[in-house]
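Need a 3D model of the following:
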Amino acid sequence: MRKKLLSVVTILSLLLASCSSNNNAENSSDDKSINSSTTQQVESSDKEVIYTSFYPIYSLTSQIAGDKFEVKSFGNLTSEAHDWEPSAKDIAKLEDSKLLIINGAGMEEWLDDVKNSTDIEILDTTKNVDLIKAEDHDEDEHEAEEGEEHHHHHGEYDPHTWLSPMNAKIQAKAIYEKLSEIDNENASYYKNNYENLDKELDSIIKEYKEKLDNIDDKKIVVNHEAFGYLSRDFSLEQISLTGLTSTGEANLKAMNEIIDEIKDEKINTVFYEKGGSDKSAKVIAEQINGDVKPLSTMEFVSDDDLKNDVKYQDLIKENLQNIYESLQ
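Okay, here's the model as predicted:
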């Protein structure tokens, strides 16, 4: 029993270290919040500017807008989106832009600050998405130890809509329709770009529906509870180390229960967040004699991803392939 408790304490220490490391990276200078790490964004242009809230919305909008607008990210594409908050200087930059496109569903916790400070038009891309209610997590499952502070309560719904390619189709359509509305002269151009993206997403959905439909037990162990919509798409069941934000922390009892569940279910893969630390996943994998694999939440991406023009659908396909391989 003592040995088991020590191993769990080790896991928690690694989780805390990982969160601290991520937070340090996220809390960089406000001057970096817009465009500093995004090599794909144009420094200056005569085109009208559209801002997007974070990476998946930026990627979808960029593909549909093509060369007709200058698409920028309001937040820092390489920092954790859950933790980013705009400064007054950031918000002021929205004044001269045509549109702000957001995910919605409570993801952008800074949205009221923007609405209270500017008159910019805002497109919520999740208006037609079938949202999943955010469940209240038991104190002994996904809450931190008593006395620790909690942040980032998104609200009534799970905000991670973009991790479902089926939802992304809906969100991309909303973007296409808005661009066609504000620039009707180029409506056919936006329609063509949207339809190409939509077909690509359809192909990915079809491929992995066929692959995953042949698997009976589809439980996956993930770092944080971001994959509810993806699970709904492909009949997966996520077992999460923490709650709806990647900055949450599991307590001792929760970690004990998760390790026991993983062993009982004979799960052999633990997923960590791509771009984050894999240390805690490796420790858990050692407990079950299993492997570790990355899953991208797309709440941030790497400089290399941006440099190599990695698109939303590339990361969706990478996620699904890693999940499929883990279930073999």
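
Can you tell me the closest non-neighbouring residue to Cys121?
You called it Cys, but residue 121 is Glu. Spatially, and ignoring its direct neighbours in sequence, Glu121 is nearest to Leu99 (5.2 Å; Cβ to Cβ, 6 or more residues apart in numbering). Heads up, the C-betas are built off the backbone N, CA and C, glycines and all.

show me what contacts that neighbour?
For Leu99, the contact set (Cβ atoms under 8 Å, 6 or more residues apart in numbering) comprises 50-51, 120-123, 178, 182.

now do Lys219
With the criterion set at Cβ under 8 Å, 6+ apart, Lys219 makes contact with 236-239, 265, 267.

one more time with 7 Å, if that's ok
Residues in contact with Lys219 (Cβ atoms under 7 Å, 6 or more residues apart in numbering) are 237, 239, 265, 267.

if you look at these, which of them are in helices?
Among those, none falls in helices (DSSP state H).

so which of these is the most crowded?
Ile267 (19 neighbours; other Cβ atoms under 10 Å).

looking at it, that one is touching Val221, isn't it?
Yes - the criterion here is Cβ atoms under 7 Å, and Ile267 meets it with Val221 at 5.7 Å.

Ramachandran angles for Asp293?
To be clear, residue 293 is Lys; Asp isn't right here. phi -140, psi 150 (degrees, to the nearest 10).

Not counting sequence-adjacent ones, nearest residue to it?
Among residues not flanking Lys293 along the chain, Asn322 sits closest, at 4.7 Å (Cβ to Cβ, 6+ apart).

any idea how far Asp158 is from the one you found?
Asn322 is 21 Å from Asp158, where distance means Cβ to Cβ, to the nearest Å.

the more surrounded of these two?
More crowded of Asn322 and Asp158, by other Cβ under 10 Å: Asp158, with 23 against 18.

The residue nearest to that one when sequence neighbours are not counted: what's it in contact with?
Nearest-residue entry for Asp158: Ile132, 4.4 Å, with adjacent residues in sequence omitted and distances by Cβ to Cβ, 6+ apart. Taking Cβ under 7 Å, 6+ apart, we find Ile132 in contact with 157-158, 228-229.

quick check, nearest of these to Phe69?
Tyr229 (27.7 Å; Cβ to Cβ).

measure that closest one to Glu210 for me?
From Tyr229 to Glu210 the distance is 20 Å (Cβ to Cβ).

Looking at those two, which has the bigger crowd around it?
Remark: of Tyr229 and Glu210, Tyr229 carries more neighbours, 23 against 9, as counted by other Cβ under 10 Å.

now this protein, which segments are flagged as low pLDDT?
Filtered on pLDDT under 70, the chain yields the residue ranges 1-45, 136-154, 243-252.

how far is the longest helix belonging to it from where the chain is centred?
In the chain, with assignment by DSSP H, the single longest helix is helix 187-213. Distance, stretch centre to chain centre, for helix 187-213: 20 Å (Cα atoms, centre = their mean, to the nearest Å).

Ok, stretch 82-101 next?
The chain centre lies 19 Å from the centre of stretch 82-101; the measure is Cα atoms, centre = their mean.

With stretch 215-225 instead?
17 Å.

I'd assumed Thr78 was in a strand, is it?
No - with DSSP: H, G, I helix; E, B strand; the rest coil as the criterion, Thr78 is assigned coil and is not in a strand.

Okay, strands next: where are they in the stretch 201-328 of the chain?
With DSSP state E, counting those that start in this stretch, the ranges of strands along the stretch 201-328 of the chain come out as 219-224, 237-242, 269-273, 291-295.

Buried residues, the last one. List them.
By that I understand strand 291-295. 292-295 (16 or more other Cβ atoms under 10 Å).

what does it contact?
Residues contacting strand 291-295 (Cβ under 7 Å, 6+ apart): 222, 268-274, 278, 281-282, 285, 319, 322, 326.

Report the angle between that strand and strand 237-242.
For strand 291-295 against strand 237-242, the angle by axes from the mean of the first three to the mean of the last three Cα atoms, to 10 degrees is 90 degrees.

the inter-axis angle of strand 291-295 versus strand 219-224?
Computed by the same axes, to 10 degrees, the angle separating strand 291-295 from strand 219-224 equals 60 degrees.

Then the third one?
Comparing the axes of strand 269-273 and strand 219-224 via the same axes, to 10 degrees yields an angle of 30 degrees.

Tell me where the stretch 1-150 of the chain has helices.
With DSSP state H, counting those that start in this stretch as the criterion, the stretch 1-150 of the chain has helices at 2-26, 55-65, 88-92, 111-117.

So which elements touch the shortest one?
In terms of contacts (3 or more Cβ pairs under 7 Å, 6 or more residues apart in numbering; DSSP states H and E), helix 88-92 is packed against helix 111-117.
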